[in-house]
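A.B. asks: Predicted model, plus sequence, below.
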Amino acid sequence: MAIPHQATIQNKLLSILPPADFGQLAQDLEHVALPRGTQLATAGQPIRYVYFLTAGIGSSVVETPEGRRAEAGLFGFDGYVPTSAAALVEVCPHNVGIQLEGEGYRMDYDAFRMCMASNANVSKMMVRSLEAFTVQLAYTALSNAVHEVNERLARWLLMCHDRIQGNEIELTHEFLSRMLAVRRPSVTAALHILEGNGFIRAERGSITIRNRAALEEFAHDAYGKPEAEYRRLMMDLF
């Protein structure tokens, strides 16, 4: 297994680790392609691998005993999943899967746990990333409770845009309705409003961000706080 070069890695966490610490972690990294629909972890099942995306977008999804589902958190090249691995939790509490095709590196859970135990810098980074993801989860719950679908959709599109290269996001109305836990007609109506204001262009299977600044203004306080907290937590980490 070839050891990756830190200078070429697009994952934000791996790219800012001090070189010596990255070298220890990199020995156990395996490059993997991550097609849409790839299941990275399953609720109630042991965690086998920890993943560091370099491209693509995934979701942590919660499900009730009756089968109702909603997205709890969104991730891309900004962190790692499952984040519960940093707490040395062996069983994943959520379903974790890829929603937008990508790639990345995976690491055996036991190797990850040993690296966390033996390397203070790696442990510090993973715990900080876990905290940042926890803040995102909290604001997702808040947004679902207090914001209209239009603002929630704007927030979600901005979060996706943060985690891709370019302005085009390959998403279907059905997928968006599942992630926002609303009916598909509600998503369609919200997309029409965002498109009518010139914020996005919606086509079959894809959405293009046209005016990022205006979309952020429209989202108002639904977007921004978790992103600012992520930057604070990662600033001057080492």
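C.D. replies: Nice, thanks for sending it over.
A.B. asks: Number of residues surrounding residue 219?
C.D. replies: 24 (other C-beta atoms under 10 Å). For glycine as for every other residue, the C-beta is placed from the backbone atoms N, C-alpha and C.
A.B. asks: what's the pLDDT at it?
C.D. replies: Note on residue 219: pLDDT of 96.
A.B. asks: now the one 3 residues further on
C.D. replies: As predicted, residue 222 sits at a pLDDT of 95.
A.B. asks: So what's the residue count around it?
C.D. replies: Residue 222, neighbours per other C-beta under 10 Å, totals 23.
A.B. asks: Please export the C-alpha coordinates of the host helix or strand of residue 72 as CSV.
C.D. replies: Under the criterion of DSSP states H and E, residue 72 resides in strand 69-75. Extracted in CSV, the C-alpha atoms of strand 69-75 (Å, rounded to 0.1, in the frame of the first residue of the first chain):
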residue,chain,number,x,y,z
ARG,A,69,-35.3,9.3,8.2
ALA,A,70,-33.6,12.7,8.3
GLU,A,71,-30.1,14.0,7.8
ALA,A,72,-28.3,14.9,11.0
GLY,A,73,-25.0,16.1,9.6
LEU,A,74,-23.1,16.8,6.4
PHE,A,75,-19.5,16.1,5.7
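A.B. asks: Could you check how far the residue positioned nearest the centre of the chain is from residue 9?
C.D. replies: Centroid check for the chain by C-alpha atoms, centre = their mean gives residue 75 as the closest residue, at 0.5 Å. Distance of residue 75 to residue 9, given as C-beta to C-beta, to the nearest Å: 16 Å.
A.B. asks: Same question for residue 208.
C.D. replies: Relative to residue 9, and taking C-beta to C-beta, residue 208 is found at 28 Å.
A.B. asks: Of these two, which one has the most company?
C.D. replies: Comparing residue 208 with residue 9 by other C-beta under 10 Å, the one with more neighbours is residue 9, at 21 against 14.
A.B. asks: show me where pLDDT drops low in this protein?
C.D. replies: 1 (pLDDT under 70).
A.B. asks: one step back: for the residue nearest to the centre of the chain, what are its contacts?
C.D. replies: Residue 75 makes contacts with 53, 57-60, 81, 133, 163, as judged by C-beta atoms under 8 Å, 6 or more residues apart in numbering.
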